[in-house]
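Engineer: Could you work out the structure for the sequence below:
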Amino acid sequence: MDEEAYVLYHRAGTGAPCLSFDVVPDALGQDRDRFPLSLWLCAGTQAESAQANRLLVMKMHNLHRTGPGAAGSEGSDEEEEEGDEEEEDKKPQLELAMIPHYGGINRVRVTQLGGRQVAAIWSEKGQVEIYDLQRPLAALLDPQAMSAFLREEQAKIKPLFSFAGHMSEGFAVDWSPTVPGRLVTGDSNKNIHLWNPKADGTWHVDQRPFTAHTASVEDLQWSPTEATVFASCSVDGSIRVWDVRAAPGRACMLTASRAHASDVNVISWNRQEPFLLSGGDDGALRVWDLRLFQEGRSVATFKQHTAPITSVEWHPTDGGVFAAAGADDQVTQWDLAVERDQEGEGESEDDPALASIPPQLLFVHQGETDIKELHWHPQCPGVLITTALSGFNVFRTISV
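Structural biologist: Prediction:
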């Protein structure tokens, strides 16, 4: 890697690989770009045996800047000793609080509910479960609390609520950003269920599924502004937009029936603009303007990845920037606002390799194996986190 291309770059391992994770919001402030950084994550393992799986709550801290100017310059022996001590002080730290879970965890999504952090998890045993994260989070703040957690609490933590009505396993789950505790979950048997929180701390799950898809539902995304609207994508190649005010059989409002050439794996709803982003098995990334959605044509298509897209996400505050990960072991960063420089056009024509690169492609990050999911950190500008078979990467490039 070219270290000068990164402001921050750290790697972490958790033993068994994690298929999915989410950022846990914290009280350390917004827009923090002073180093060292601290961040909190919740992830689920895919261990070799069902009983070896864990729901992980992770605290990554002492994440120092790693780009230009981060390392000390060469000097005397005394300075070198000081440098060694400084390097020791700058070692990144990872702490874990683990909740035993029978069965591999397919997807994890975290939300804040009544002042506490809760996680919804889809697992291979065909259930969606809700866990309260307060005890593992408290354990990571204090060594004594961690001792008590390991001694007395860890094995006793059970889900707040679980739903086995899907009758098959799945991957799709999303918390509403506008209605606390509202959830949608989708399974590999093409069904989507709506969850609404109840006053007693449990959920009412509508037994009538949304069923317009004809194959596995791969991803779900609530509208960031409309409390009753969500989008879904499927192995059937379509993307659909739904309104939960209608009965499930009539709730599908908009459909792009051939959104991709084959499976649509992931979608992301832009928080600033009326755009959806999708990634498919065809390796394509497509941007959809929801005002023109019914026409079934995307407003932009990018074909840089050479294998199925496994994760996409819009930047939390810049409506033109997004990131994508693929089974070609690449993470790409994009900016829709960039156009090809007319002056540099001749140079790219001379070099066919340059000419084939879209001007909107800002950065390609490599070095991971089998990348499954990525998320921007909403409180640390430009910081991307990925999970892969090779572990976690936390990085910020000079491009975003």
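
Engineer: Which parts of the stretch 201-350 of the chain are helices?
Structural biologist: Taking DSSP state H, counting those that start in this stretch as the test, the helices found in the stretch 201-350 of the chain are 345-350.

Engineer: any low-confidence regions in it?
Structural biologist: The model of the stretch 201-350 of the chain has pLDDT under 70 over residues 340-350.

Engineer: any idea where the strands of it begin and end?
Structural biologist: Assigned by DSSP state E, counting those that start in this stretch, the strands in the stretch 201-350 of the chain fall at 203-205, 217-222, 229-234, 239-243, 252-256, 264-269, 275-280, 285-289, 300-302, 309-314, 321-326, 330-335.

Engineer: what's near enough to touch residue 378?
Structural biologist: 23, 25, 316 (C-beta atoms under 8 Å, 6 or more residues apart in numbering). Bear in mind the C-beta positions are built from the backbone N, C-alpha and C, glycine included.

Engineer: repeat that for 10 Å
Structural biologist: For residue 378, the residues meeting the contact criterion (C-beta atoms under 10 Å, 6 or more residues apart in numbering) are 23, 25, 30, 31, 271, 315, 316, 317.

Engineer: just residue 50 next, same as before
Structural biologist: Applying C-beta under 10 Å, 6+ apart to residue 50 gives the contacts 101, 102, 103, 104, 123, 124, 125.

Engineer: The same query, at a cut-off of 8 Å, please.
Structural biologist: Counting by C-beta under 8 Å, 6+ apart, residue 50 touches 102, 103, 104, 124, 125.

Engineer: what do you get for residue 138?
Structural biologist: For residue 138, the residues meeting the contact criterion (C-beta under 8 Å, 6+ apart) are 145, 149.

Engineer: Buried ones in the helix or strand where it lies, by neighbour count?
Structural biologist: The secondary structure element spanning residue 138 is helix 134-139 (assigned by DSSP states H and E). Of the residues in helix 134-139, 135, 136, 137, 138, 139 count as buried by neighbour count, 16 or more other C-beta atoms under 10 Å.

Engineer: just stretch 388-396 next, same as before
Structural biologist: 388, 390, 391, 392, 393, 394, 395, 396.

Engineer: who touches it?
Structural biologist: Applying C-beta under 8 Å, 6+ apart, the set of residues contacting stretch 388-396 from outside is 6-14, 17-18, 21, 39, 41, 60, 63, 329, 365, 367-372, 380, 382-386.

Engineer: That stretch - what's its average pLDDT?
Structural biologist: Over the span of stretch 388-396, the pLDDT mean works out to 96.

Engineer: Torsion angles phi and psi at residue 179?
Structural biologist: For residue 179, the backbone dihedrals (degrees, to the nearest 10) come out as phi -120, psi 100.

Engineer: State the distance from it to residue 32.
Structural biologist: Between residue 179 and residue 32 the computed distance is 28 Å (C-beta to C-beta, to the nearest Å).

Engineer: isn't residue 127 right up against residue 163?
Structural biologist: Yes. Checked against C-beta atoms under 8 Å, the pair residue 127 and residue 163 is within contact range at 6.6 Å.

Engineer: Now, of the contacts of stretch 388-396, which are buried?
Structural biologist: Buried positions within these, assessed by neighbour count (16+ other C-beta under 10 Å), are 6-10, 12, 14, 17-18, 21, 39, 41, 60, 63, 329, 365, 368, 371-372, 380, 382-386.

Engineer: Pull the contacting residues for the nearest residue to residue 283 once chain neighbours are set aside.
Structural biologist: In space, not counting the residues next to it along the chain, residue 283 is nearest to residue 305; the distance is 4.4 Å by C-beta to C-beta, 6 or more residues apart in numbering. Residues near residue 305 by C-beta under 8 Å, 6+ apart: 283, 284, 285, 324, 326, 328, 330, 332.
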